[in-house]
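# Got a predicted structure plus its sequence, pasted below:
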Amino acid sequence: MKNTRALRLLLCGNAVLQFSQGICMIAIPWYYTDILKQPSAFGVMYAIATVATIFWNPLAGTLIDRYPRKRIFMMVAFFTGLTLLLSSFVGYQSGAIPSFFIVLVFTATLFNFNIHYPNLYAFAQEITQKGDYKRVNTYLEIQGQITLMIAGAMAAVLVAGVDDGILKFLGISVQLPFSIEAWSLQKIFMLNAITYFLAVIVVSFIKYVPAAERQIEMGSVLKRFKTGISFLKQNPMIFVFGNASYSIFVTVLIGVIFIFPMYVSHHLHANAQVYASSEIFFAFGAVLAGLSMQLLFKKINTVKAIITMMFITTLIFGLGYCTKSVFIFYMICLLLGLSNAGTRILRVTYLFNHISNDIIGRSNSVFAVINIILRSIFLIIFSIPFITNSNNVIYAMLILGCFAFISGLVLVIYYRKMEKN
């Protein structure tokens with residue numbers, strides 16, 4: 001396989017960066033939900049930050065198609081690390097991190113998400129030959145989810161600590177010969193900053209030869225973004241597929257970051273270790289998807305396989321509405337991780353095969369903007385007191401399940417046209 005060493009360094013650098021992202025995106029939601037008892041405030045903050053990324057994504061897409069992907073990876077990681085370092089320093093100076101800096105870190109991480117992943121996949125496509133697309137996407141998914149499993153295990157210890165030497169991990173109590181005090185946010189942010197800087201160093205060693213010549217379009221940001229819109233207008237089935245298949249990501253991001261902390265605290269009446277452990281089950285399900293996806297759907301085409309997983313996602317959220325069992329919640333997370341990762345592997349490979357590398361950043365930014373609008377609507381709805389009070393969070397699970405079902409129906413309706421395309 002071409003650029004093997006470059007791909008290994010990319011996977012390594014991405015693993016270090018995702019470790020930091022994983023801990024941060026567990027610590028902050030739980031801090032607002034369980035420590036401050038302000039889930040609605042977190043929901044409003046998340047909604048505002050998400051809406052702001054609507055304007056960021058078109059710019060991110062044009063940057064990805066205009067500048068070297070390696071440089072973008074390093075710059076974004078460096079400035080996110082700098083934000084974490086500054087916030088940690090303020091926390092150490094004042095004894096606790098002010099809310100403004102917690103919001104700043106969360107927003108910076110969210111903005112990082114919205115350029116890092118499209119850039120990562122565009123970079124991977126750029127250094128990979130066409131016949132290796134599915135294999136490379138599978139590697140990225142397995143690496144990412146194993147990293148999140150490790151991050152989830154670390155977060156379970158750092159956020160909740162270990163009282164009386166008893167570590168509750170994946171639903172199992174483990175007796176340790178020592179206790180671990182829960183870390184403050186400033187300590188967690190300092191650790192995250194260090195890992196971001198380490199990711200910059202690892203990626204700086206990447207050297208590669210592009211798998212295909214890349215045509216870079218010049219001109220204004222608006223002109224370049226319009227090129228991405230024009231491409232999707234000329235290929236309406238790619239537009240429909242790209243958006244409908246992206247709906248699982250809407251449900252997962254809203255569920256894991258916003259709904260699940262409330263679900264664990266208000267509905268299951270469990271602690272931070274259960275929430276962090278759920279992330280590990282989610283990641284384990286995703287790893288299973290990476291290892292078994294080609295075997296499971298060997299004789300089924302991409303669109304049909306994604307439709308299957310979207311309907312599975314519907315059932316998963318429906319089960320979340322019905323149960324109060326921590327064990328079943330873990331199984332929900334495992335299956336959700338499997339369906340989300342499986343869909344992403346197939347979806348990204350499909351888009352790699354249908355969109356050229358010189359325009360994939362802008363095309364993905366169009367999908368991202370629509371995705372963000374949908375997430376913003378759900379966040380506004382789910383931030384109302386009726387949902388955030390008591391165990392009414394289960395209705396959010398039901399709504400997300402219905403959304404996945406409707407999106408699956410869209411793919412069913414256009415299936416024949418997509419197959420022909």
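Noted; the coordinates are in hand.

# Alpha carbons of stretch 334-343, as CSV, please.
Coordinates of each C-alpha in stretch 334-343 appear next as CSV, following Å, rounded to 0.1, in the frame of the first residue of the first chain:
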residue,chain,number,x,y,z
LEU,A,334,-22.5,-1.0,22.3
LEU,A,335,-25.1,-1.4,19.5
LEU,A,336,-25.2,2.4,18.9
GLY,A,337,-21.4,2.4,18.5
LEU,A,338,-21.6,-0.5,16.1
SER,A,339,-24.3,1.0,13.9
ASN,A,340,-22.6,4.5,14.0
ALA,A,341,-19.1,3.2,13.1
GLY,A,342,-20.4,0.8,10.5
THR,A,343,-22.4,3.5,8.8
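
# hmm, who's touching it?
Identification of contacts with stretch 334-343 by Cβ atoms under 8 Å, 6 or more residues apart in numbering yields 141, 145, 245, 248-249, 252, 255, 281-290, 293, 296-297, 305-306, 309-310, 312-313, 316. (Glycine included, C-beta is placed from N, CA and C.)

# again, 7 Å this time
Residues from elsewhere that reach stretch 334-343 (Cβ atoms under 7 Å, 6 or more residues apart in numbering): 141, 145, 245, 248-249, 252, 281-286, 288-290, 293, 306, 309, 312-313, 316.

# Pull up the gap between Lys70 and Thr388, please.
For Lys70, the distance to Thr388 (Cβ to Cβ, to the nearest Å) stands at 42 Å.

# should've said Tyr32
Per Cβ to Cβ, Tyr32 is found 11 Å from Thr388.

# Check Leu253 too.
Leu253 is 18 Å from Thr388, by Cβ to Cβ.

# Could you do Val303 as well?
According to Cβ to Cβ, Val303 stands 37 Å off from Thr388.

# Over to Pro58?
Distance of Pro58 to Thr388, given as Cβ to Cβ: 32 Å.

# now Ser220
From Ser220 across to Thr388, the span is 43 Å (Cβ to Cβ).

# The two: which is more packed in?
Just comparing Ser220 and Thr388: by other Cβ atoms under 10 Å the higher neighbour count belongs to Thr388, 21 against 9.

# The more buried one against Met262, yeah?
Yes: the criterion here is Cβ atoms under 7 Å, and Thr388 meets it with Met262 at 6.3 Å.

# and for those two, which residues touch both?
Pro39.

# Thr314: what's it in contact with?
So Thr314 contacts 401, 404-405, 408 (Cβ under 7 Å, 6+ apart).

# Give the buried residues for the strand or helix carrying it.
If you go by DSSP states H and E, Thr314 is part of helix 302-322. By neighbour count with 16 or more other Cβ atoms under 10 Å, helix 302-322 contains the buried residues 302-303, 305-314, 316-321.

# May I have that helix exported as CSV, CA atoms only?
What follows is helix 302-322, C-alpha atoms only, in CSV (Å, rounded to 0.1, in the frame of the first residue of the first chain):
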residue,chain,number,x,y,z
THR,A,302,-23.6,0.1,0.7
VAL,A,303,-27.0,1.9,0.7
LYS,A,304,-28.9,-1.2,1.8
ALA,A,305,-26.4,-1.9,4.6
ILE,A,306,-26.8,1.7,5.9
ILE,A,307,-30.6,1.5,5.7
THR,A,308,-30.4,-1.6,7.9
MET,A,309,-28.2,0.1,10.5
MET,A,310,-30.5,3.2,10.6
PHE,A,311,-33.5,1.0,11.4
ILE,A,312,-31.4,-0.8,14.1
THR,A,313,-30.6,2.7,15.5
THR,A,314,-34.3,3.4,15.7
LEU,A,315,-34.8,0.2,17.8
ILE,A,316,-31.8,1.1,20.0
PHE,A,317,-33.3,4.5,21.0
GLY,A,318,-36.7,2.9,21.5
LEU,A,319,-35.2,0.5,23.9
GLY,A,320,-33.6,3.4,25.8
TYR,A,321,-37.1,4.8,26.2
CYS,A,322,-38.3,1.6,27.8
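
# in the helix or strand following that helix, what's buried?
Sequence-wise, the next helix or strand downstream of helix 302-322 (DSSP H and E) is helix 326-354. If you call a residue buried by 16+ other Cβ under 10 Å, then helix 326-354 has these buried ones: 329-330, 332-352.

# what angle do helix 326-354 and helix 302-322 make?
Orientation note: helix 326-354 sits at an angle of 160 degrees relative to helix 302-322 (axes from the mean of the first three to the mean of the last three Cα atoms, to 10 degrees).

# mind checking how far helix 326-354 is from the chain centre?
Distance of helix 326-354 from its chain centroid, counting by Cα atoms, centre = their mean, to the nearest Å, is 11 Å.

# Who are the packing partners of whichever helix or strand comes after that helix?
Using DSSP H and E, the next helix or strand after helix 326-354 towards the C-terminus is helix 360-382. The contact analysis (3 or more Cβ pairs under 7 Å, 6 or more residues apart in numbering; DSSP states H and E) places helix 360-382 against helix 39-66, helix 99-126, helix 221-234, helix 236-244, helix 247-254.

# mean confidence score for whichever helix or strand comes after the first one?
Later in the chain than helix 39-66, the nearest helix or strand by DSSP H and E is helix 69-94. Mean pLDDT, taken over the full extent of helix 69-94, equals 92.

# Distance from helix 69-94 to the middle of the chain?
When distances are taken as Cα atoms, centre = their mean, helix 69-94 is centred 19 Å away from the chain's centroid.

# now the helices for the stretch 151-300 of the chain?
Shown for the stretch 151-300 of the chain, the helices assigned by DSSP state H, counting those that start in this stretch span residues 185-203, 221-234, 236-244, 247-254, 260-262, 272-296.

# Could you check the first one and say which residues are buried?
Judged by neighbour count using 16+ other Cβ under 10 Å, the buried positions of helix 185-203 are 185-186, 188-200, 202-203.

# Next, the angle from that helix to helix 99-126.
Counting by the same axes, to 10 degrees, helix 185-203 lies at 20 degrees to helix 99-126.

# Now do helix 185-203 against helix 69-94, angle only.
160 degrees.

# quick one: contacts of helix 185-203?
Contacts of helix 185-203 with the rest of the structure, by Cβ under 7 Å, 6+ apart, involve 9, 12-13, 16-17, 19-20, 23-24, 27, 31, 70, 73-74, 77-78, 80-81, 84-85, 87-88, 91-92, 97, 102, 105, 158.

# now do the second one
Contacts made with helix 221-234 from outside it, assessed by Cβ under 7 Å, 6+ apart, are listed as 58-59, 61-62, 65-66, 217, 238-239, 359, 362-363, 365-366.

# Having no further points to raise, I will conclude here.
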